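**Student:** after the sequence you'll find the predicted model.
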Amino acid sequence: MRIRPARKFAALALTLGLGLVAGCGLRAGASPSAAFTQLKVGLGYLPSVQFAPFYLAQQQGSYRHAGLEVTFENKIDPDLVTLVGQSAIDIGVADGTSVIPAVSQGIPIRYVATIYGTYPSIVFAKSTSGIKTAADLADRKIGIPGKYGSSWIMLQALLESVGLKPDDVTIVEYPDFGQGVAVEQGAVDAATGFANNEPVQLRLSGMDVVVLHVDDVVALPGPGLITSTATIDAKRAAVSAFIEATLAAMTQIAADPDKGLAAALAAVPDLATQRETQKAILEATISTWSRPGGTAQDYGSIDRPGWEASLAYLTKLGLVPNSVNVDDLLRSDLRAGS
């Protein structure tokens, strides 16, 4: 029941992603001299099956057909937020809870489409740990990549919901994203992770796992597409086309997960060594794309009331340095037909 080294878990971390350079081509019916709009898109740090919609849209020519030349870059979530705000990267995948404090600090980004309708960041532990609720985390060792990003915000919210603070637990940082292995080996009692990553892999290895969801406290906004106000002004049509092509690929994959798996394996051949594991992770990922009880028709939609509740909650936690409102955070008018 051994789990492979830390990088096995790290590959699916939502603050991680991909460093692939996409090819370009001509739109159907376009002349050889027709110009494409170039978009730099940040998906995170390591290759992952969770990015199958982007791979599929690229491989089947959906971005090219929309007149886009897309280049994927690899950056962690905090770096992506900064680079998107500077328009050094046009579009990024970033957590909604990263957007709120960033905009509060004057970074000119907007959240333009939801990718994860269900907040995927969780705390997990072995069933044998005795941890069943958030209250059971008191005085426990909790592994986390670092005190930043969605995992850190989620953990604070989860602890606060039962009257606990970070000082009431022992935080053990794993900058190499090895907290999943730390749980498996008993180095920590619990760890932050993602519903479509560590618990899936641990269960496949035969281990019973307890998962604590912050959605039971507040529906925090999950990862989605962000861009800068300057990029919206300069490349509005291109951003809209990218959103629609990506959401269309998500819908295809939800209907036929094998299509998404094939796209991921083509983009990242190393994933083929764990084909069944990657398929299970993709299926778990698909289940987080819509809101609880939702369908593919919800893909991309922004839950404004949820954002309002999240903004109020993060403000209560002291994580919003300067006052902002939801209109400062969102742009829901970039979808087709909006």
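**Tutor:** That came in fine, so what should we check first?
**Student:** tell me how far the helix or strand where F72 lies is from the chain's mean position?
**Tutor:** F72 belongs to strand 68-74 when assigned by DSSP states H and E. Averaging C-alpha positions (CA atoms, centre = their mean, to the nearest Å) puts strand 68-74 17 Å from its chain's average.
**Student:** by contact count, what packs against it?
**Tutor:** With contacts taken as 3 or more CB pairs under 8 Å, 6 or more residues apart in numbering; DSSP states H and E, strand 68-74 sits against strand 37-44, helix 52-59, helix 229-255. Yep, even glycine has a C-beta here, placed from its N, CA and C like the rest.
**Student:** and if we set it to 7 Å?
**Tutor:** strand 37-44, helix 229-255 (3 or more CB pairs under 7 Å, 6 or more residues apart in numbering; DSSP states H and E).
**Student:** quick one: buried residues of the helix or strand following that strand?
**Tutor:** Reading on from strand 68-74 to the C-terminus, the next helix or strand found by DSSP H and E is helix 77-85. Across helix 77-85, burial judged by 16 or more other CB atoms under 10 Å covers D77, P78, D79, L80, V81, L83, V84, G85.
**Student:** repeat that for stretch 233-243.
**Tutor:** K235, A238, V239, S240, A241, F242, I243.
**Student:** which one of those is nearest to V268?
**Tutor:** F242 (20.6 Å; CB to CB).
**Student:** test my guess that that closest one contacts K40.
**Tutor:** No: look at F242 against K40 with CB atoms under 7 Å: they stay out of range, at 11.0 Å.
**Student:** could you tell me how many residues sit around P223?
**Tutor:** Neighbours of P223 under the rule other CB atoms under 10 Å: 28.
**Student:** separation between it and G117?
**Tutor:** As for P223, its distance to G117 is 10 Å (criterion: CB to CB, to the nearest Å).
**Student:** how about the helices of the protein, start to end?
**Tutor:** Assigned by DSSP state H, the helices in the chain fall at 6-10, 52-59, 62-65, 77-85, 96-104, 149-160, 179-185, 198-204, 229-255, 257-267, 275-288, 304-316.
**Student:** out of the ones you listed, deepest packed?
**Tutor:** The highest average neighbour count among the helices of the chain, using mean count of other CB atoms under 10 Å, belongs to helix 52-59 at a mean of 25.
**Student:** run the angle between that one and helix 257-267 for me.
**Tutor:** Angle, helix 52-59 to helix 257-267, by axes from the mean of the first three to the mean of the last three CA atoms, to 10 degrees: 70 degrees.
**Student:** tell me which residues are up against helix 52-59.
**Tutor:** Residues outside helix 52-59 that contact it (CB atoms under 7 Å, 6 or more residues apart in numbering): 22, 43, 63, 70, 72, 245-246, 249-250, 252-253, 259-261, 263-264, 266-267, 282.
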